[in-house]
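Peer 1: Quick one: sequence and predicted model below, then my questions.
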Amino acid sequence: MGTEMTTGACDHFAIGIDIGGTGIKAALVDTVTGKLAFKRLRVLTPRPGTPEAVAETIADLLEAVTDRALELELIADRTEIDRLPVGCGFPGVIRDGRVEFTANLDQSWVGSKIAEIIGEGTGRRVYFLNDADAAGLAEMNFGAGRSHRKKTVLVTTLGTGIGTALFTQARLVPYTELGHIEMNGADAETQAAESVKVRLGLSYEEWAARLQQYYSIIELLVAPDVIIVGGGVSKSHARFLPLLSTRAELKPAKLLNNAGIVGAAMIAANDGKAKVKKSESKG
């Protein structure tokens, strides 16, 4: 997919990792274009998904990314890729370096010092942000949000759960976790996530009815100008987005399942800061 990188070109690259409830993905990312240097690598999230088990899996993935880059002759030698920044999207809330909450990983994560654990397990400094915030950051920089940077934009990721990332005037409001709002007396994501559609065998029409209720509640709470719908299922957006009615402009995500990886790489390249590039349009 890529061409041979010079040492100078390596300055534009970072490694992005996306920790999910079912899988962990990683890739080498060009942080100028938002494109992956090669197809992302994916392994199953360990069961149980303890900090130590996930750290070991990430270390193996980093080694696999390095091997792949060398195999494709995308990079001159191992020391070059070992110096690249690494970012990681995490399914939960991290405050002051400690995990406060995670819904889809082992609860032994809560209270843990995530950067220390992953750093010791990989031998690398790793920057972290919420996985949905990472996906949102990617869509705002390179995807469906590029022309809406002056507006209030809500990015939702439909997968194991429902992740959300809220941006206003191109600034991220971190850790919104709006997949956990109450709907019918329970967490909304337990009723409307894509995993629920699969588990219950819902048709797109049946699932859309649940999504409609969810987005109607969201609009009462946040009133975004634009709602971007992401996650792997967004590749099938034509089958369910037309069934939804929202005040906000409803758009499918463009980066699909690569968004979390790209956003994680972006925060690594910016020394831990969630930056949205200045708009070149009037959006």
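Peer 2: Arrived safely, thanks for sending. Note that the structure is predicted; figures quoted are calculated from it, not measured. Numbering: from 1, shown residues only.
Peer 1: got a list of what Gly145 touches?
Peer 2: Contacts of Gly145 were listed using CB atoms under 8 Å, 6 or more residues apart in numbering, and they are Gly136, Glu139, Val153, Val155, Phe167, Val226, Ile228. In this view, the C-beta of every residue, glycine as well, is placed from N, C-alpha and C.
Peer 1: Now with 7 Å, please.
Peer 2: For Gly145, the contact set (CB atoms under 7 Å, 6 or more residues apart in numbering) comprises Glu139, Val153, Val155, Phe167, Ile228.
Peer 1: Check the gap between the first one and His148 for me.
Peer 2: If I follow you right, that is Glu139. The gap separating Glu139 from His148 is 10 Å, by CB to CB, to the nearest Å.
Peer 1: okay, these two: which has more neighbours?
Peer 2: Using other CB atoms under 10 Å as the criterion, Glu139 and His148 rank with Glu139 on top: 29 against 22.
Peer 1: My understanding was that the more buried one contacts Leu256; is that so?
Peer 2: No - in terms of CB atoms under 7 Å, Glu139 does not count as a neighbour of Leu256; the distance is 10.1 Å.
Peer 1: Can you check which helix is longest in the protein?
Peer 2: Across the chain, the helix with the greatest residue count (assigned by DSSP state H) is helix 51-71.
Peer 1: SS state for Gln213?
Peer 2: Here Gln213 is recorded as helix under DSSP: H, G, I helix; E, B strand; the rest coil.
Peer 1: Phi, psi for Glu116 please.
Peer 2: Torsion angles at Glu116 (phi, psi; degrees, to the nearest 10) stand at phi -70, psi -40.
Peer 1: whoops, I mixed them up, Ala193
Peer 2: Main-chain dihedrals, Ala193, degrees, to the nearest 10: phi -70, psi 160.
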